[in-house]
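S.K.: here you go, sequence then predicted model.
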Amino acid sequence: MCERFQRYISEAYRDGVIGNGRYTVLKGKERKLQRFLAVKGLSAIRSKDFTSDLLMEYRKFIFDEYLYVEQNPILYPSGGGRHWPQRRCKDTTVVHDLKALQAFFRELEETGEILCSPFKKISREKRRSIMHTMYDTPFFLKADELQKVMNTIVPAGLQKTKDLFILNCALGCRIGDLLRLSMEKVAVSEDGIPYVHYIPSKTIRGQAVNQEIQTPLIKPALEIVRHTRLNFSVRNPKYEKEVYNRNLRQLLRHCGINRMVCLFNSEIGDNVYRPLYEVATSKLARKTHVDMLNKVQINYYAAGLHHEGSEAVFRYTNLELKDRFALLNAAFGVEDYRVDGSLRARQKTKDAGQSV
């Protein structure tokens, strides 16, 4: 079964069904499945013999894998930058792992390699329950908190993290895409608006059209681009992300971002409250970017010409780069500006506001 799961992942990547990021995630799930089968003494099991009872045991294993680490040192070697589970997993992690396995068995069923997926041998009500995901109330930095981070002087060891975080809030991209940016991805429009352009790694292999994301650089973001040259010395993206998450929490604590946020604890079945600096991850910047933009955009349906959700408004108009630049400047409360091809500031006239 493990060998077939490996082939399923490799073929999905080869055929463009999944991209680099998803491939890395699935390889991690593959190793988790191998550990489960090794613990159960079933490493040689065939896919058709993986029952619904085993599936429910695997679900329990994912929740409580941290209990097996000390008992199985061969399966959980120390060192090498590995971070084994240290506490009970969240519901969302378990559901994501089960969905990956469900997709695998669906393919085996469709290709005739098995008669029936073990997921189909679980009652509909129980299947709905085990595949249910409950997300926490979203949290992000408020405008004054972001300004506090931007204006706080930090130790040298946190400066790179501060640059990355502020730049990420300004761009709203995934941290993996941010770490891959280079100066070749920085351009200037005809009317002097600097911007970055890239294809998101998560969707690059599944896109029907080779369409890039173009995000204008607000002034604080351009300053970071200028002095870092986007040289963040990424060697191992996965390791760099883990280091970044750890340093980000240190940065927010140093800046005094201690607002209490709500998280659901599945063990006690209730919400718990923790300081934002304790639970922040790389997703915080993306959420902050989306929230700040959302608060300055006009509702497309406010005029009442179209019903909520109508796609017609998107056929009638399109936000151009200069429009998005204006929105970003308004959202972040920064001044408009223009640059030349070398990213040097251009002066504006008093009357027309045109670059000279």
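M.R.: Thanks, I have it.
S.K.: for the stretch 251-356 of the chain, which segments count as strands?
M.R.: 260-265, 270-275, 338-339, 345-346 (DSSP state E, counting those that start in this stretch).
S.K.: for the first one, name the packing helices and strands.
M.R.: Pointing back at strand 260-265 there. The contact analysis (3 or more CB pairs under 8 Å, 6 or more residues apart in numbering; DSSP states H and E) places strand 260-265 against strand 270-275, helix 276-279. In short, each C-beta sits where N, CA and C put it, glycine included.
S.K.: can you check what angle separates that strand from strand 270-275?
M.R.: 140 degrees (axes from the mean of the first three to the mean of the last three CA atoms, to 10 degrees).
S.K.: quick one: contacts of strand 260-265?
M.R.: 134, 136-137, 139, 270-276, 279 (CB atoms under 8 Å, 6 or more residues apart in numbering).
S.K.: just name the closest of those residues to P220, please.
M.R.: Closest approach between these and P220, by CB to CB: L276, at 20.9 Å.
S.K.: re the thing from before, mean pLDDT for the helices and strands packed on strand 260-265: which is lowest?
M.R.: Lowest mean pLDDT of these: strand 270-275, a mean of 89.
S.K.: end to end on stretch 187-196, go ahead and measure it.
M.R.: Stretch 187-196 has an end-to-end distance of 6 Å (criterion: CA to CA, to the nearest Å).
S.K.: can you check stretch 178-197 too?
M.R.: Stretch 178-197 has its terminal residues 11 Å apart, counting by CA to CA.
S.K.: poorly predicted segments of the protein, please.
M.R.: Low-confidence segments of the chain (pLDDT under 70): 80-81, 202-210, 233-239, 266-267, 298-307, 312-317, 347-356.
S.K.: show me where it has helices.
M.R.: In the chain, the helices defined using DSSP state H lie at 2-14, 20-39, 52-63, 91-110, 124-130, 143-151, 156-171, 175-180, 219-228, 237-254, 276-279, 283-294, 312-316, 321-332.
S.K.: contacting residues around K162?
M.R.: Neighbouring residues of K162 by CB under 8 Å, 6+ apart: 149, 154, 251.
S.K.: tell me the contacts of the nearest residue to R46 once chain neighbours are set aside?
M.R.: Spatial nearest neighbour of R46, chain neighbours left out: M1 (6.0 Å); criterion: CB to CB, 6 or more residues apart in numbering. Counting by CB under 8 Å, 6+ apart, M1 touches 33, 37, 45-47, 49-50.
S.K.: next, count neighbours for A170.
M.R.: 28 (other CB atoms under 10 Å).
S.K.: let me fix that: M134
M.R.: The number of residues near M134, taken as other CB under 10 Å, comes to 10.
S.K.: if we can go back for a sec, could the contacts of strand 260-265 go into JSON lines alongside distance to S310?
M.R.: Below are these laid out as JSON lines (distance: CB to CB, whole Å):
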{"residue": "M134", "distance to S310": "30"}
{"residue": "D136", "distance to S310": "31"}
{"residue": "T137", "distance to S310": "29"}
{"residue": "F139", "distance to S310": "31"}
{"residue": "D270", "distance to S310": "40"}
{"residue": "N271", "distance to S310": "36"}
{"residue": "V272", "distance to S310": "40"}
{"residue": "Y273", "distance to S310": "39"}
{"residue": "R274", "distance to S310": "40"}
{"residue": "P275", "distance to S310": "42"}
{"residue": "L276", "distance to S310": "37"}
{"residue": "V279", "distance to S310": "37"}
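S.K.: for those, work out which two are farthest apart.
M.R.: M134 and P275, at 22.1 Å, using CB to CB across the contacts of strand 260-265.
S.K.: that older thread, could you dump the helices of the chain to a markdown table with distance to W84?
M.R.: A markdown table is the format used below for these (distance: least, CB to CB, whole Å):
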| stretch | distance to W84 |
| --- | --- |
| helix 2-14 | 19 |
| helix 20-39 | 10 |
| helix 52-63 | 13 |
| helix 91-110 | 14 |
| helix 124-130 | 24 |
| helix 143-151 | 32 |
| helix 156-171 | 25 |
| helix 175-180 | 22 |
| helix 219-228 | 33 |
| helix 237-254 | 13 |
| helix 276-279 | 20 |
| helix 283-294 | 22 |
| helix 312-316 | 46 |
| helix 321-332 | 40 |
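S.K.: mind checking how far R259 is from L248?
M.R.: Noted for R259: a distance of 15 Å to L248, by CB to CB, to the nearest Å.
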